[in-house]
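In: give me coordinates for this.
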Amino acid sequence: MKIILVDDEPEILTLVRDYLSREGYSVLTAINGLEGMELIEGEKPDLVLLDWMLPGISGLEMCKRLRETSTIPIIMLTAKSEEIDRVLGLEFGADDYIVKPFSLRELAARIKTVLRRSSGVSQESTSSVIIRGEISLDVSSHKVLKRGQEVLLTPTEFNILHLLATRPGTVYSRLQLLRQAMGEEYLYYERSIDTHVSNLRKKIEDNPSEPKYVETVFGVGYRFGEGL
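Out: Below you'll find the predicted structure:
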């Protein structure tokens, strides 16, 4: 697995690169946003680690640009610990975030989890293609089409949509969605699921403020609309 790390702190670049290399990853590094974008476009990595505050192009802006054309897994590295900052990173398309200073062991665990989510979902459905209304999900290729046009979803967004679409009408709590779409280690980030759902709606709903696919059940959680 190839990982690109973009951070303007040389010490972090060295520590993370060396540790992840010992874990079996191929790690390439960049020290600013422009260099990072060029490296990502040329190398096509399996995952990107982005520092929030970068000279030139910020990590958030990089995340936004990457999400315009790619579903590559992105983990934000940030010194900002406030919830609003973490939510902002998710809204820009990040799959996960980890707050500095962080444990290298925790970072490696997060990477494994995000890569596992991006590699595929459990094959619980009897069909590898699920069709609901104008949306079709190809489970084997991780592709979503709406009216025949591909919709780019992050791994987490795809897993949420797949889970809900497999059982229309079934209500899932935030904790259930976190556990099944992201993993047990994310159960302390219950409200982050709302950000992922919001991003998903913007991509698949004709009117995100009046969703017909991913519906809110107030006080409980979310469900996929019935009769689609």
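In: could you use CA atoms for every contact and neighbour count after this?
Out: Fine.
In: which stretches of this protein form strands?
Out: Secondary structure of the chain (DSSP state E): strands at 2-6, 26-30, 47-51, 74-78, 96-99, 129-132, 135-138, 143-146, 149-151, 172-173, 214-217, 221-224.
In: can you tell which of these is closest to His162?
Out: Proximity of the strands of the chain to His162 was assessed by C-alpha to C-alpha; the nearest stretch is strand 135-138, lying at 7.3 Å.
In: ok, for the residue nearest the centre of the chain, nearest residue in space, not its chain neighbours?
Out: The residue lying closest to the centre of the chain (C-alpha atoms, centre = their mean) is Asp95, at 2.5 Å. Excluding its sequence neighbours, the residue lying closest to Asp95 (C-alpha to C-alpha, 6 or more residues apart in numbering) is Ile74, at 5.4 Å.
In: for the longest helix along the chain, give the mean pLDDT please.
Out: The longest helix of the chain (DSSP state H) is helix 104-119. Averaged across helix 104-119, pLDDT comes to 87.
In: so what's the residue nearest to Asp95 up against?
Out: Leu47, Val48, Leu49, Leu50, Cys63, Gly93, Ala94, Asp95, Asp96 (C-alpha atoms under 8 Å, 6 or more residues apart in numbering).
In: quick check: the gap between the third one and Leu77.
Out: Computed with C-alpha to C-alpha, to the nearest Å, the distance linking Leu49 and Leu77 is 7 Å.
In: do the same with Asp95
Out: 12 Å.
In: what does Val114 give?
Out: Separation of Val114 from Leu77 (C-alpha to C-alpha) stands at 14 Å.
In: tell me which of these two has more neighbours.
Out: Leu77 (24 against 20; other C-alpha atoms under 10 Å).
In: touching, that one and Leu104? I think so.
Out: No: applying C-alpha atoms under 8 Å as the test, Leu77 and Leu104 come out as separate, 11.9 Å apart.
In: what sits in contact with each of the two?
Out: Joint contacts of Leu77 and Leu104 (C-alpha under 8 Å, 6+ apart) do not exist.
In: about what we covered before: list the helices and strands the longest helix of the chain packs on?
Out: helix 10-22, strand 96-99, helix 155-166 (3 or more C-alpha pairs under 8 Å, 6 or more residues apart in numbering; DSSP states H and E).
In: what sits against Glu150?
Out: Lys143, Val144.
In: distance of it from Asn199?
Out: Glu150 sits at a distance of 16 Å from Asn199 (criterion: C-alpha to C-alpha).
In: what does Thr29 give?
Out: Relative to Asn199, and taking C-alpha to C-alpha, Thr29 is found at 29 Å.
In: next: Ile98.
Out: Counting by C-alpha to C-alpha - Ile98 and Asn199 are separated by 20 Å.
In: could you do Leu164 as well?
Out: On the measure of C-alpha to C-alpha, Leu164 and Asn199 end up 15 Å apart.
In: between the two, which has more neighbouring residues?
Out: Leu164 (22 against 19).
In: that'll do, ta.
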